[in-house]
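Peer 1: Have a look at this prediction, sequence included:
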Amino acid sequence: MAIFVSYSSSDGGPAASAVVGALRSRGFDVLWDGDLTIIHPLSIPAWMETAVRDRTVLVIVSDDYLKALLSNDFLERRGVRYEAGLVRHKIYHHGGANGCAVLPVVPPDIDANALPSVLQQLVIHRFDPRTLHGEEELVRSLGALEVVENGGEVMQVEQGVHRSRVTLAALEAHPPSSAFAYRLAHDLVEQGEGDLELARAFDSVVAVAKAHGDVRLVSRLSQVCLKTLSSTLPLKGESALMAKVLVSGKAWHLLREHRFSQAASVAEEGTQIAKKYRDLTTAARGQRAHARVFLHMAMEAMPYDREFYLRNCEHLLILATTLYRSICGPTSEEVGVCASLHAEKQLLRYEMTGERDLLAGAGESAGIAEGLLTPGTEPYHWLTVLQARLCLAARKYNEGKEFVSSVIATADFPEVVARSHQVRADLLLATREKSEAVRDLLVAEELFRRLGCDYAAATCWWTIAKIDSTKLVSFRLSAADVQRLEDLAPDPRDRRLAVLAHELRAAKRLGRRCVPDWACLVDRVQHA
């Protein structure tokens, strides 16, 4: 492995010299500025750039190095300031906690908990230049960075934490939508009990789970990470990890499980933790997640409660949008996602009131979002589905079908595809194409159920049952049956179970007619 040692010669020389000697004795190819008298580069800045770009960088942490890393006003040592800037860029360009070819090395006289967040996000190594204590751990970590792939399988370099680092590095090296990354995410979660490395890499792993729409995997990942973080004393830069898991993990899967009150509570808790530790990006994400939960609560609420939820949604969405604008700029993708959510809120208001101005406003907000989002990304596909729903509201059925058909044909995100089939079914029903609509609903129901979105799956199932129940069970539901079940069971999951329970009961009567007692059946499935 090719290594570059980055340090401040004013106060980090002894530690750097000890690290270089220890690693060279182990056979590593180590480069540092102690070699300049031998190699005589034509341009020292170009030499630095090449070394930082092409090699694994060991950062020897010292007071002067931290000043150079954090401030452009540290002029005493221009060389280390330039070098530290290159290292900082390498860290940011990598964008992941694990597999990053920058390893901070902290001598005994430096408090690891006081390191800046740019270093806290990495795997920190203790090393004593006098006793060489920490040498073995450093060598193992360098070995773990050498991820070797053979036929799509990751070779296990080390056990325990080192195996996790290798697997995480491989996961981060592949697109989240790839089957290989998905398999690695499952492996990590399956063996991740108590693994702090998994919690540190939560963003990378949850991105893979979400790209595949796997609600159960997100739920399990969140559970494992929260348990690990609750039982571990975090370093200074890791205190906000809990907020990320709550907002991007637990609140996300609770929303899809239709557990709105819990999702709202978790999103709020995560937002408050993020604010406490000044993680503004997670705080904005938490506010937006909370707003989305309130929007769904408004969709399901009784008419007299909807305005309350919508006002809360609007307030939180304004806060999130304002915060995102200050962090990422007014034309960022995150602001585009907020605009899309605002359009969805306006569409619901139109559906409540029938005011055409609200529908026009929703279209304008969707247009703003389209200008900010990148085509092909998941948020862009969700926006396309929303545009199809706007077409349904405006009775532009053929245009709406084109929107969702394009998503079905091109999107790699299973949840978006399932929702597209469901919305296309709504458009087909509006044009009285019932057989085509049922086909789409059957596909959507199967996809949703496979992903763990049981409420959405049951909603599709119930829509089919109202059109033609014989596509699902051996008897036909009458209009009176449908109305009775909807009155007794607001949750479509309970209606489905009651219908299936009646079919089972009727089959046991050997052909004799069995009049359904829906009240009894619903009560049984609700209290099973």
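Peer 2: Looks like it arrived, so ask away.

Peer 1: Quick one: the helices in the stretch 51-200 of the chain, in order.
Peer 2: For the stretch 51-200 of the chain, the helices defined by DSSP state H, counting those that start in this stretch cover 63-70, 78-94, 117-120, 135-145, 160-172, 179-190, 196-200.

Peer 1: What mean pLDDT does the shortest one get?
Peer 2: Going back to what we said before, that points to helix 117-120. The average pLDDT for helix 117-120 rounds to 78.

Peer 1: try the longest one
Peer 2: Averaged over helix 78-94, pLDDT sits at 74.

Peer 1: so who does residue 450 touch?
Peer 2: residue 414 (CB atoms under 8 Å, 6 or more residues apart in numbering). No exception for glycine: its C-beta is placed from N, CA and C like everyone else's.

Peer 1: ok so, going back, name the stretch among the helices of the stretch 51-200 of the chain that sits most buried.
Peer 2: Among the helices of the stretch 51-200 of the chain, helix 196-200 has the highest mean neighbour count (mean count of other CB atoms under 10 Å), at a mean of 23.

Peer 1: quick one: secondary structure of residue 278?
Peer 2: Taken by DSSP: H, G, I helix; E, B strand; the rest coil, the conformation at residue 278 corresponds to coil.

Peer 1: Could you give the number of residues near it?
Peer 2: 11 (other CB atoms under 10 Å).

Peer 1: What's the separation between residue 309 and residue 323?
Peer 2: 21 Å (CB to CB, to the nearest Å).

Peer 1: Residue 204 too?
Peer 2: For residue 204, the distance to residue 323 - CB to CB - is 23 Å.

Peer 1: Now do the same for residue 476: helix, strand or coil?
Peer 2: coil.

Peer 1: What's the separation between it and residue 465?
Peer 2: Look at residue 476 and residue 465: by CB to CB, they are 10 Å apart.

Peer 1: just residue 420 next, same as before
Peer 2: According to CB to CB, residue 420 stands 21 Å off from residue 465.

Peer 1: Now residue 30: phi and psi?
Peer 2: phi -110, psi 130 (degrees, to the nearest 10).

Peer 1: Test my guess that it contacts residue 3.
Peer 2: Yes. With contact defined as CB atoms under 8 Å, residue 30 reaches residue 3; the gap is 4.8 Å.

Peer 1: so where does residue 401 fall, helix or strand?
Peer 2: helix 397-410 (DSSP states H and E).

Peer 1: Which residues belonging to that helix are considered buried?
Peer 2: Neighbour counts over helix 397-410 (16 or more other CB atoms under 10 Å) mark 397, 400, 401, 402, 403, 404, 407, 408 as buried.

Peer 1: Stretch 463-473 now?
Peer 2: 463, 464, 465, 467, 469, 472, 473.

Peer 1: Return the subset of those residues lying in helices.
Peer 2: Counting by DSSP state H, the part of the buried residues of stretch 463-473 found in helices is 463, 464, 465, 467.

Peer 1: Identify, from the residues you listed, the entry nearest to residue 503.
Peer 2: residue 465 (11.3 Å; CB to CB).

Peer 1: shouldn't residue 289 be in contact with residue 247?
Peer 2: Yes. With contact defined as CB under 8 Å, residue 289 reaches residue 247; the gap is 5.5 Å.

Peer 1: Could you tell me which residues touch both of the two?
Peer 2: In contact with both residue 289 and residue 247: 267, 270, using CB under 8 Å, 6+ apart.

Peer 1: between the buried residues of helix 397-410, which is closest to residue 302?
Peer 2: residue 400 (28.5 Å).

Peer 1: Give me the local confidence score for the closest residue to the closest one other than its chain neighbours.
Peer 2: Distances taken as CB to CB, 6 or more residues apart in numbering place residue 391 nearest to residue 400, at 3.1 Å, with adjacent residues excluded. For residue 391, the pLDDT comes out at 97.

Peer 1: swap in residue 111?
Peer 2: We have a pLDDT of 82 for residue 111.

Peer 1: what number of residues lie near it?
Peer 2: Residue 111: 9 neighbours (other CB under 10 Å).

Peer 1: for the one 5 residues further on, same thing?
Peer 2: Residue 116 is flanked by 13 other residues according to other CB under 10 Å.

Peer 1: measure it to residue 80 for me?
Peer 2: Residue 116 is 15 Å from residue 80, by CB to CB.

Peer 1: One more: residue 407?
Peer 2: 51 Å.

Peer 1: cool, residue 198 as well?
Peer 2: Residue 198 is 34 Å from residue 80, by CB to CB.
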